[in-house]
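K.L.:
Quick one, structure for this:
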Amino acid sequence: MDTTDARAHLNAVIRGHSETLAVQLHALREGLFPPDAAKAMRKFTSGEAAQLLGVNDSYLRKLHLDGKGPTPEVTGGNRRLYSVQDLRDLRELLEKTARKPGDYLPGRRGADHLQVIGVMNFKGGSGKTTTSAHLAQYLALNGYRVLAIDLDPQASMTALHGVQPEYDLPDGGTLYDAIRYADPLPIRDVIRKTYIPGLDLIPGNLELMEFEHETPRALAQGNAGLFFFRVKEALAQVDADYDVVVIDCPPQLGFLTMSALSAATGVLVTIHPEMLDVMSMSQFLRMTADLMDVIAESGADMSHDWMRYLLTRYEPTDAPQNRIVAFLRTMYGDNVLNSPMLKSTAISDAGLTKQTLYEVNRSAFTRSTYDRAIESLNAVNGEIADLIQKTWGRR
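P.N.:
Alright, predicted model coming up:
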C-alpha cells in the first residue's frame, strides 16, 4: 500500500469511527432522556430549596400553608419538592419583603456592569469545563441571570447541557456565527434556553475553529479590524439581559481565547497541582502576558476586575500536591482561591450520564462522597460569587 492509499485508508477509518461514536452517543442520550431526548432539571427537597434560598425549611412550609408563592409537589410521604422555576418564583416573592435589595436576587442593580468570566488554561485536563459548567449552574440556582458560552471546539460543556453537536448543530448555532467576518448573525440568534431557568447557553462545536482559520486570512487582507473585540462587541448586544457570562475557553492561546480575554472582566485560571501542569502554566502565563501587551498596544483596555487561580482535582492526602499548593500560595498569595476543587468520583460519575453534581440526586452516591464533593464546589463557586459582589461594590 503506497503512502496515498495508506492516508486514504486512515482517513476512512477515523471518519468511520467518528460517525459510529456519534450514533452511539445519540442513542445513549435518547436512552437517558426519553421520550424527546431533552434534559430536565431534577426537583429539590424542601431542605435543599431552603438552603439555596437562605431561609429556614419551616419558613418555606409556612409560605406553602399560607398559600403564598408557588405550590410545590407533595409526595405520598408528605415531602415537598420544588422545581427550579419554583425557586426563581420564590426568590422574586422573598425579594419584595427583603431587608435589603439583593438578598434573594443578587444580580446587577443600577450602574453595575456585566461580569464576563473567562475560564482558561491551555493545558488539557485542568478541570476547565467542569469548573465552567458548575459555576454557571451555581450562579443560576442562586438567582443570577447567566449566559454560558462554550468557546471550546471540543464542546464538552455543550454536551454536558444536553446538546450533541453532531446532531443538534448541523447548520451552525455557535458563537462563531455572531463573530465571523462575513455576515455575522445577531448573538441572540445563537442563544438557547436551558432546562435551568436563569441559565442560557451558546453551544460550541468544531465550527469554532473557522475563526482560528479565517482570522489570519482576514488580517493579511486588512479586513480583520480589531479582531480581539469581536466577542466583546457581540456580548454588548445582550448586555442588559444578563448579570454574568461564563466563557469556557479553548485549551490554547489562539484568536478565540484572545478575543474572550479582551471581553472578560474576570479571569479564572484552573490549575491541577502537579509539576508538569505547573510548568505548562508558566508558559501559558508568559504567552498570555505577551499577547495582552500586543492587544493593549492596539488600543484595547486589558484591565480586569480580578484574576484568580483555582486549584482543581486536588487530593488533600497527596503529599506532592500539597507541596505544590504551598508553593503556589507562597508565590501568588490571595490570587489563589482559598477553596480548592477536590478530586471526586461523584463528579466523574455524574459526568457518565452527562450531568453536573447539581443535577444528580444525592441518593445516587455514598452520602459522604456526595457531601464532600458538593461542599467543595459550593465553596469554590461561593468565593467567585463574592468576587462578583465586591466588584459591584457589595459584600
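
K.L.:
what about the helices in the stretch 51-200 of the chain?
P.N.:
57-65, 84-96, 128-141, 156-160, 165-168, 176-179 (DSSP state H, counting those that start in this stretch).

K.L.:
okay, now the domains of the chain?
P.N.:
23-105, 115-391 (automatic domain parsing).

K.L.:
Comparing those domains, which yields the minimum mean pLDDT?
P.N.:
Among the domains of the chain, domain 23-105 has the lowest mean pLDDT, at a mean of 84.

K.L.:
Looking at the helices of the stretch 51-200 of the chain, spot the one closest to Ala263.
P.N.:
helix 176-179 (10.2 Å; Cβ to Cβ). C-beta here means a position set from N, CA and C on the backbone, and glycine is covered the same way.

K.L.:
What are the contacting residues of that closest one?
P.N.:
184-187, 189-190, 207-208, 210-211, 230-231, 234, 259 (Cβ atoms under 8 Å, 6 or more residues apart in numbering).

K.L.:
which among these end up buried?
P.N.:
Leu185, Ile187, Val190, Glu207, Leu208, Glu210, Phe211, Arg230, Val231, Ala234, Ser259 (16 or more other Cβ atoms under 10 Å).

K.L.:
ok, so of those, who is nearest Asp349?
P.N.:
Leu208 (28.8 Å).

K.L.:
Could I get the contacting residues of that closest one?
P.N.:
Taking Cβ under 8 Å, 6+ apart, one finds Leu151, Asp152, Pro153, Thr174, Leu175, Tyr176, Pro250, Leu256 in contact with Leu208.

K.L.:
I'd like those laid out as CSV, including distance to Arg372 and neighbour count.
P.N.:
What follows is the contacts of Leu208, written out as CSV (distance: Cβ to Cβ, whole Å; neighbours: other Cβ atoms under 10 Å):
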residue, distance to Arg372, neighbour count
Leu151, 31, 27
Asp152, 28, 24
Pro153, 33, 22
Thr174, 35, 26
Leu175, 35, 28
Tyr176, 39, 26
Pro250, 31, 23
Leu256, 35, 26
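
K.L.:
who are the neighbours in contact with the residue most central in space within the chain?
P.N.:
In the chain, the C-alpha nearest the mean C-alpha coordinate belongs to Ser132, at 2.6 Å (Cα atoms, centre = their mean). Ser132 makes contacts with Val119, Ala148, Met157, Val246, Ile247, Asp248, as judged by Cβ under 8 Å, 6+ apart.

K.L.:
same deal with Ser259?
P.N.:
By Cβ under 8 Å, 6+ apart, the contact set of Ser259 is Ile179, Phe211, Phe227, Phe228, Phe229, Arg230, Val231, Lys232.

K.L.:
what two of those have the greatest distance between them?
P.N.:
Farthest pair in the contacts of Ser259, by Cβ to Cβ: Phe211 and Lys232, 14.2 Å.

K.L.:
still on that earlier bit, deepest of the domains of the chain, which one?
P.N.:
Among the domains of the chain, domain 115-391 has the highest mean neighbour count (mean count of other Cβ atoms under 10 Å), at a mean of 19.

K.L.:
Distance check, the residue nearest to Leu342 when sequence neighbours are not counted against Leu141.
P.N.:
Spatially, and ignoring its direct neighbours in sequence, Leu342 is nearest to Ser376 (4.2 Å; Cβ to Cβ, 6 or more residues apart in numbering). According to Cβ to Cβ, to the nearest Å, Ser376 and Leu141 sit 16 Å apart.

K.L.:
and what of Leu160?
P.N.:
Where Leu141 is concerned, Leu160 sits at a distance of 15 Å (Cβ to Cβ).
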